[in-house]
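[1] Quick one, structure for this:
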Amino acid sequence: MAQAPTPLLKPFGGAQSTQLREPWRIETLEKLPRHTRFEVVPLEGKLVLRVSADASYANLVHPVNAYGAALRWRWRVERMSLATDLARKSGDDVPARLCVLFDVPLERLDAAERWKLRLGRFLFGAELPPAGVCYVWDARLPAGTWLPNAYTDRVQMLVLRSAASGHAQSHWYEESRDVRADFAQAFPVEARDGPVPIAAVAVSADGDDTGAVSIAYFDDVVLEPPLP
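    Here you go, the predicted model:
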C-alpha cells in the first residue's frame, strides 16, 4: 500500500505552544505603518491561527520550494467589512486570504510579463514570485469568481467564500483545492510546458486600502506533494 505523502507545511504552532512555528514568518511592507497581527490561540479545544487586520497589511509566509498538489484547510471569518471592492485598488482589502506563490521559470514569461514582474519586485520586494493564486473571502463578489489582483495580474484571485453568496460568519468552512489545476486555469500560457514548483504559501488579511477591521481564524493548512 502506498504511503500518504508527507505534508509540505509545518503547523502554525506546536502541540502546546502559542508561539508561531518556524519556518512561518511575518512579512510586511515598510512603507505601511500598521501591520496585520498573527497569533496562535486556543479555540474550541485546539490551537488555531487568529488573523486580525485593522487598517493594516502583512503576510504570514511559509517557504516551500517543491511541487504541490492537494491543498486543504479550514477557515472562518468573525468580522469583515462590507465596504471593500476587490476590483479597485482603493477597495482591495480582504478579511481572509490564502495564497500559493509559484516559481515560474522566467523563460516561460514573455517580455511584457517579465517587465511586470520587475515592476512588482521593485514595489513589493526582490523575492516576489512570478505568479500567485489567492483564495479569498469577500463581501460583494459571489463565490466562484476569478479576478486579477487590483495591483498586478501576476496574482489571480478566486473567491471561495462570500457574504454575497450567503456564507455565514463564525462558521468553519473546509476547503480542498488542486493547486496544479488552479494554476493552469489562472495562468494557462505558463502551465502549457508542465508543472511549476511552489515557492511559498502565505496567509493574510488586510485593511490598509479601506481602513477595514477584520478577524479570521485558520486551522492548520496542509499542502501535499504529487504522488510518485
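[2] pLDDT weak spots in the chain?
    Scanning the chain with the threshold set as pLDDT under 70 gives 1-5, 15-16, 119-128.
[3] now the helices for it?
    111-124, 179-186, 188-191 (DSSP state H).
[4] what's the shortest one in contact with?
    Right, the one you point to is helix 188-191. Residues outside helix 188-191 that contact it (Cβ atoms under 8 Å, 6 or more residues apart in numbering) are 104, 108-109, 130-131, 183-184, 196. The way it works is simple: take the backbone N, C-alpha and C, and place the C-beta from them, glycine included.
[5] Which residues belonging to it are considered buried?
    Neighbour counts using 16 or more other Cβ atoms under 10 Å place 190-191 of helix 188-191 among the buried residues.
[6] If you drop the residues flanking it in sequence, what lies closest to residue 61?
    Spatially, and ignoring its direct neighbours in sequence, residue 61 is nearest to residue 202 (4.7 Å; Cβ to Cβ, 6 or more residues apart in numbering).
[7] My read is that the one you found contacts residue 133, right?
    No: counting by Cβ atoms under 8 Å, residue 202 stays clear of residue 133, with 11.0 Å between them.
[8] which residues are in contact with both of the two?
    Counting by Cβ under 8 Å, 6+ apart, the contacts common to residue 202 and residue 133 are residue 99.
[9] Give me the more crowded residue out of these two.
    residue 133 (23 against 20; other Cβ atoms under 10 Å).
[10] got a list of what that one touches?
    Counted by Cβ under 8 Å, 6+ apart, residue 133 has contacts 99-100, 102, 155-158, 179, 182-183, 186.
[11] 7 Å instead?
    99-100, 156, 158, 182-183, 186 (Cβ atoms under 7 Å, 6 or more residues apart in numbering).
[12] For those residues, give me CSV that also has neighbour count and distance to residue 35.
    Listed next are those as CSV, based on neighbours: other Cβ atoms under 10 Å; distance: Cβ to Cβ, whole Å:
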residue, neighbour count, distance to residue 35
99, 21, 17
100, 25, 22
156, 19, 25
158, 17, 25
182, 17, 28
183, 23, 29
186, 23, 28
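[13] The nearest residue to residue 64 once chain neighbours are set aside pairs with what?
    Excluding its sequence neighbours, the residue lying closest to residue 64 (Cβ to Cβ, 6+ apart) is residue 198, at 4.5 Å. For residue 198, the beta-bridge partners under DSSP bridges are residue 66, residue 102.
[14] looking at it, residue 198 is touching residue 102, isn't it?
    Yes: the pair residue 198 / residue 102 is scored as a contact, 6.0 Å apart, by Cβ atoms under 7 Å.
[15] send the alpha carbons of stretch 85-99 over as CSV?
    Extracted as CSV, the C-alpha positions of stretch 85-99 are listed here (Å, rounded to 0.1, in the frame of the first residue of the first chain):
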residue,chain,number,x,y,z
ASP,A,85,-14.1,46.2,-3.6
LEU,A,86,-11.5,43.8,-5.0
ALA,A,87,-11.8,45.2,-8.5
ARG,A,88,-10.3,48.6,-7.4
LYS,A,89,-7.0,49.5,-5.7
SER,A,90,-8.9,51.7,-3.3
GLY,A,91,-11.0,48.8,-2.2
ASP,A,92,-8.5,45.9,-2.3
ASP,A,93,-8.9,44.5,1.2
VAL,A,94,-9.9,41.0,2.4
PRO,A,95,-10.7,39.5,5.8
ALA,A,96,-9.0,36.2,5.0
ARG,A,97,-6.7,35.2,2.2
LEU,A,98,-4.6,32.1,1.4
CYS,A,99,-2.1,32.4,-1.4
